[in-house]
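Visitor: Kindly generate the corresponding structure for this input.
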Amino acid sequence: MKILAKIISILFHPLFGFPYTFLMLLCLKPHWFSIRHFSEAGMLLILVVIYTCIIPMIAIGMMKFVGLIKSFELSEKTERILPLIVCLIFYLWMYINMKQDTSLPPAFLALLLSCIIAISLAFVINNWIKISLHALVMGAILAFWLKIRFGDSTSTDHYFRFTEDVVSSFHLNHWLSIWLFLCGLVMSSRLILSAHNRTEIYLGFVTGIVAILLGFSHWN
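Guide: Now for the predicted structure:
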């Protein structure tokens, strides 16, 4: 059971949350980005992966190499300080450079701002309690999709396009159901691994939701 919980924790590592969500947003709303299919946004997707995933991973690896952190799991509160600062810097860089781009939809910019808020809140809360970053990301992504589902378009606009010419029968309601299940799966995995207690997980989940609400309140 612990091996499965470990695999789930890796697959849904907090660093992967933004790229996952961005890719699915491209599949759901490619026209928001003035494209017909997510493959046409290849360069933007590459930049997102580099700045929100690859560079932070390299930075954390260097911190481990020089002894600034003990492990990649960041099991101690103090070990999270520098990685959170690195992530915050690159998310801020992306937001500052992209918010003036009129070709980018408000929902994408709101998500980016929400990530900055979430990281900032996690950084502050981490001084008192080891907030679950996994739960924070899962809660934020769930809140984001709920906002898209009920706040930005009609039900008929919520089908995903995974190929260039065909709109699939996969509806956002299906994705929400899957993601709700994944939220429970990931948070249960963190409990099984004894990485967090229930309070830390619940706090992370709620903080992620709050971050999305604050991010969208600025762009609405």
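Visitor: Surely residue 212 is in contact with residue 145?
Guide: No. Between residue 212 and residue 145 no contact is recorded; they are 9.6 Å apart, counting by C-beta atoms under 8 Å. All C-beta spots, glycine's among them, are computed from the backbone N, C-alpha and C.
Visitor: Have a look at those two and say which one is more surrounded.
Guide: residue 212 (25 against 22; other C-beta atoms under 10 Å).
Visitor: ok, now which ones touch that one?
Guide: 110-111, 114, 140, 143-144, 147 (C-beta atoms under 8 Å, 6 or more residues apart in numbering).
Visitor: any idea which element the residue nearest to residue 51 when sequence neighbours are not counted lies in?
Guide: In space, and not counting its chain neighbours, residue 51 is closest to residue 90: 4.8 Å by C-beta to C-beta, 6 or more residues apart in numbering. Following DSSP states H and E, the helix or strand that holds residue 90 is helix 81-98.
Visitor: and the helix or strand of the chain with the lowest mean pLDDT with helix 81-98, angle?
Guide: Least confident helix or strand, the chain: helix 55-66 with a mean of 87, by mean pLDDT, DSSP states H and E. Orientation note: helix 55-66 sits at an angle of 150 degrees relative to helix 81-98 (axes from the mean of the first three to the mean of the last three C-alpha atoms, to 10 degrees).
Visitor: How far does helix 55-66 sit from its chain's centre?
Guide: 20 Å (C-alpha atoms, centre = their mean, to the nearest Å).
Visitor: elements contacting it?
Guide: For helix 55-66, the packing partners by 3 or more C-beta pairs under 8 Å, 6 or more residues apart in numbering; DSSP states H and E come out as helix 81-98.
Visitor: now for the helix it packs on, which elements pack on it?
Guide: helix 55-66, helix 106-125.
Visitor: got the buried residues for the longest one?
Guide: Read it as helix 106-125. Residues of helix 106-125 classed as buried by neighbour count (16 or more other C-beta atoms under 10 Å): 107-119, 121-123, 125.
Visitor: Now do stretch 14-24, average pLDDT.
Guide: Per-region confidence: stretch 14-24 scores 94 on mean pLDDT.
Visitor: quick one: buried residues of that stretch?
Guide: 14-15, 17-19, 21-22, 24.
Visitor: of the contacts of residue 212, closest to residue 3?
Guide: Residue 3 has its nearest neighbour among these in residue 140, at 27.1 Å by C-beta to C-beta.
Visitor: Just to check, that closest one is in contact with residue 213?
Guide: No. Residue 140 lies out of contact with residue 213 (C-beta under 8 Å); the separation is 9.8 Å.
Visitor: circling back: keep only those of the buried residues of stretch 14-24 that are in strands.
Guide: With DSSP state E as the criterion, strands contain none of those.
Visitor: and these, which of them are in helices?
Guide: Counted as lying in helices by DSSP state H, out of those, are 17-19, 21-22, 24.
Visitor: Thank you kindly, that will do.
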